[in-house]
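Enquirer: Whatever this is, show me its structure:
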Amino acid sequence: MLSRVATSLTRTVASKNATKFAALAPSASSSSSRFMTTLEESPSAKSAWEKSCYFEMDFTVPEEATVYEAVQKFAAYDVGCLVTTDANGDISGVISERDYVSKIALLGRKSKETKVKEISTKTSNLMVAHPEDSVDDCMQKMLSKDIRHLPLIDEETGKVMGMLSVKDLVKSLVKEKEETIKVLSDFALGKGGHFGSE
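Expert: Numbers count the residues shown, from 1 in each chain. Predicted coordinates:
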């Protein structure tokens, strides 16, 4: 809840500051040669995924595999969630560390004897992201369902193309905020919103 309030406050302040500085900028008809560039919209889910640890790895596990195999993959790649796939290679759900802890460890089940499909979250209950979604939209989806990962689905083909973690989104938002602060700071210091501070 605190992070949601902080994010909302940051957006509100940044929006008000951007409006203030934009009002100070000369209009297009002005004879002055200085101008302020516009601040970009929130980065997309695809751009966040391309910087993610999930970008260059096999983030899938067959639903017929054992939970133990999925846990080995969690450890090998240092990730907390994998996409489960059916016999055709299509997405059938996700399995996370939380699934392991709550459905195997706490219940005394054996991971070598339990199939991934027995404990995974199925696609019918799955929250997903699309490449064109903004990072803000993805964060809202995660917050609304109290989850930390979103499969990235291509809208045209319906195929899974990646996985986003909350860490990937936070990194992307921090980078965006740092760039916004730099542009506004440069503008306030008379360097113009478009020239970098050297």
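Enquirer: how close does the residue nearest in space to the middle of the chain sit to residue 98?
Expert: Central residue of the chain (CA atoms, centre = their mean): residue 169, 3.5 Å from the mean position. For residue 169, the distance to residue 98 equals 18 Å [CB to CB, to the nearest Å]. Just so you know, the C-beta spots here come from the backbone N, C-alpha and C atoms, and that holds for glycine as well.
Enquirer: so residue 73 sits in a helix?
Expert: Yes: according to DSSP: H, G, I helix; E, B strand; the rest coil, residue 73 belongs to a helix.
Enquirer: Any idea how many residues pack against it?
Expert: 18 (other CB atoms under 10 Å).
Enquirer: I'd assumed residue 62 was in contact with it.
Expert: No: counting by CB atoms under 8 Å, residue 73 does not reach residue 62; the two are 11.0 Å apart.
Enquirer: returning to what we had before: would you quantify the distance from the residue nearest to the centre of the chain to residue 72?
Expert: 26 Å.
Enquirer: and if you look at residue 85?
Expert: From residue 85 to residue 72 the distance is 17 Å (CB to CB).
Enquirer: Residue 102 now?
Expert: For residue 102, the distance to residue 72 - CB to CB - is 19 Å.
Enquirer: Mind listing residues that contact stretch 94-102?
Expert: 61, 67, 70-71, 74, 80-84, 111, 116, 119-121, 126, 148-149, 151 (CB atoms under 8 Å, 6 or more residues apart in numbering).
Enquirer: Quick check: buried residues in it?
Expert: 94, 95, 96, 97, 99, 100 (16 or more other CB atoms under 10 Å).
Enquirer: For that stretch, C-alpha coordinates in PDB please.
Expert: Output of stretch 94-102 as PDB, limited to C-alpha atoms (Å, rounded to 0.1, in the frame of the first residue of the first chain):
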ATOM      1  CA  VAL A  94       2.700 -20.400 -14.400                       C
ATOM      2  CA  ILE A  95       4.500 -22.000 -11.400                       C
ATOM      3  CA  SER A  96       6.200 -19.900  -8.800                       C
ATOM      4  CA  GLU A  97       8.300 -20.200  -5.700                       C
ATOM      5  CA  ARG A  98       5.100 -19.300  -3.800                       C
ATOM      6  CA  ASP A  99       3.400 -22.300  -5.300                       C
ATOM      7  CA  TYR A 100       6.200 -24.600  -4.200                       C
ATOM      8  CA  VAL A 101       6.200 -23.200  -0.600                       C
ATOM      9  CA  SER A 102       2.400 -23.300  -0.100                       C
END
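Enquirer: Give me the mean pLDDT for that stretch.
Expert: Regarding stretch 94-102, the rounded mean pLDDT is 93.
Enquirer: likewise stretch 71-79?
Expert: For stretch 71-79, the mean per-residue pLDDT is 90.
Enquirer: Identify all contacting residues around that stretch.
Expert: 53, 54, 57, 59, 61, 80, 82, 97, 100, 111, 163, 165.
Enquirer: That concludes my questions; thank you for your assistance.
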